[in-house]
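Chemist: Sequence and computational prediction follow.
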Amino acid sequence: EPQRRYIGGFLGALNGDAIRAAHFNLVVDYANAPSMLVLPAIFNTLGCTVVALNERMDPTKMSVSESEFQHGIDQLAAITAAVKADLGLRIDVGGERVWFVDRHGNKLSGTVSAAAFAELALRASDHSKPRTLAVMVNQPQLFDEIALRHGAQVRRTKIEPQALMEAMTDPDVILALSGAGEFIDASFHRLVDGLFPVAKMLEFLATQQVTLEEVIRILPPYYVAQKRVSCPWEQKGLVMRMLNEQYKDRISDQVDGLKIRLGDREWVLIVPESDEPVFSIYTEAPSPDSADLLIERYSRVIEGLRA
């Protein structure tokens, strides 16, 4: 039966003894989703004490609005802090993404969760072998700095989960990250799966005897911003061609849209969304204000070109 096979493979890819010895206390928001069918048994086998939220499967909850999602994360954070759990987590409805909160109830952004996972995975990796992190192209330089600390490489991918799975076909890629809740850890299987990274995170914390907060504290700081700018369908191609022409000396990357390198840790990524008349703009800069200023500047550039 597939469920039993999945659980068997899942547990076989972990250091279960280390996790059991750590006696983790978790708050888990199952989001009324089918992950309910496998995760409780896994947590039980791994000796975790779990406060479960939204654990009744509910087909009417299969899609959640942004405000409901935020409310759920706020509730998760408050309960995690109140019961002094080691961490809290929410699995998305499809079982493909996971969000974390720390023991103090701080909600971790997708980028911070991914960076903490990358740091832990690289510490645990075999440093005598080539190791690559696959990271979406809209994520900050933070990942390059973490990789550099550990003598690893970073490979940038398109901003879609499928691209993470494609990157995993390279045997040197040990981890693929979206910075938006998706993780692929090569030690189990090479598919986007929100459940396994949770257990792998527990294994790393247990074997390295650190807390999630301690790992986050040593991550390099980063400042990013993003915005969507509308642009009629028929003008998107023209705008892209003009941007390519205007910034041709500064384009550092065309994995997805175009990335304009402005300085150290300072870039703008402009991506034409394939399914709507919109450009997404992502920036990174040395301060929050300068990241916002770059967003405004390049929004105006796009608005000027489409006029």
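Modeler: All right, it came through fine. Numbering: from 1, shown residues only.
Chemist: and the nearest residue to Glu266 once chain neighbours are set aside, what does it touch?
Modeler: Take Glu266 and drop its neighbours on the chain: the residue closest to it by CB to CB, 6 or more residues apart in numbering is Ala285, 5.1 Å away. For glycine as for every other residue, the C-beta is placed from the backbone atoms N, C-alpha and C. Neighbouring residues of Ala285 by CB atoms under 8 Å, 6 or more residues apart in numbering: 223, 225, 265-266, 291, 293-294.
Chemist: same question, Ala21
Modeler: 47, 206.
Chemist: again, but for Glu119
Modeler: Contacts of Glu119 (CB under 8 Å, 6+ apart): 146, 215, 218-219.
Chemist: Tally up the residues packed near Val229, please.
Modeler: 18 (other CB atoms under 10 Å).
Chemist: Specify the local secondary structure of it.
Modeler: strand (DSSP: H, G, I helix; E, B strand; the rest coil).
Chemist: now it, which residues is it bridged with?
Modeler: Phe279 (DSSP bridges).
Chemist: Run a quick check on it versus Val301, I expect a contact.
Modeler: No: with contact defined as CB atoms under 8 Å, Val229 does not reach Val301; the gap is 9.5 Å.
Chemist: in its sheet, what does the helix or strand of the chain at the bottom of the mean pLDDT ranking sit against?
Modeler: When each helix and strand of the chain is scored by mean pLDDT, DSSP states H and E, strand 251-253 comes last, with a mean of 92. Applying DSSP bridges, strand 251-253 is found paired with strand 258-263 (antiparallel).
Chemist: Pull out the buried positions in the partner strand.
Modeler: 258-260, 262 (16 or more other CB atoms under 10 Å).
Chemist: Would you agree His104 falls within a strand?
Modeler: No: per three-state DSSP, His104 lies outside any strand segment and is coil.
Chemist: related to what we said a few turns ago, contacts for the least confident helix or strand of the chain, please.
Modeler: 137, 156, 244, 258-261, 267, 269.
Chemist: mind putting those residues in JSON lines, pLDDT and distance to Val210 included?
Modeler: As requested, these are exported to JSON lines (pLDDT from 0 to 100; distance: CB to CB, whole Å):
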{"residue": "Val137", "pLDDT": "98", "distance to Val210": "29"}
{"residue": "Arg156", "pLDDT": "98", "distance to Val210": "28"}
{"residue": "Asn244", "pLDDT": "96", "distance to Val210": "45"}
{"residue": "Leu258", "pLDDT": "96", "distance to Val210": "39"}
{"residue": "Lys259", "pLDDT": "97", "distance to Val210": "33"}
{"residue": "Ile260", "pLDDT": "97", "distance to Val210": "37"}
{"residue": "Arg261", "pLDDT": "96", "distance to Val210": "34"}
{"residue": "Trp267", "pLDDT": "98", "distance to Val210": "31"}
{"residue": "Leu269", "pLDDT": "98", "distance to Val210": "32"}
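Chemist: would you list every one of the strands in the protein?
Modeler: 25-29, 49-53, 87-91, 98-102, 132-136, 153-157, 173-177, 183-185, 223-230, 251-253, 258-263, 266-272, 278-285 (DSSP state E).
Chemist: Which of those comes out lowest on mean pLDDT?
Modeler: The minimum mean pLDDT among the strands of the chain belongs to strand 251-253 (a mean of 92).
Chemist: From the chain's centroid, how far away is that strand?
Modeler: Put simply, strand 251-253 sits 23 Å off its chain's centre (CA atoms, centre = their mean, to the nearest Å).
Chemist: Can you tell me which of the buried residues of strand 258-263 lies closest to Asp92?
Modeler: Lys259 (27.7 Å; CB to CB).
Chemist: Quick check: that closest one touching Val137?
Modeler: Yes: between Lys259 and Val137 there is a contact under CB under 8 Å: 6.5 Å.
Chemist: Quickly list what's touching both of these two.
Modeler: 253, 269.
Chemist: all helices for this protein, in order.
Modeler: Applying DSSP state H to the chain gives helices spanning 2-12, 16-22, 39-45, 66-82, 110-124, 142-149, 161-167, 196-208, 212-217, 233-246, 288-306.
Chemist: Tell me how many other residues surround Ser128.
Modeler: 7.
Chemist: so how far is Asn44 from it?
Modeler: 36 Å (CB to CB, to the nearest Å).
Chemist: And Ala291, by the same measure?
Modeler: Relative to Asn44, and taking CB to CB, Ala291 is found at 44 Å.
Chemist: Next: Tyr298.
Modeler: 50 Å.
Chemist: Neighbour count: these two, which is higher?
Modeler: Tyr298 (22 against 11).
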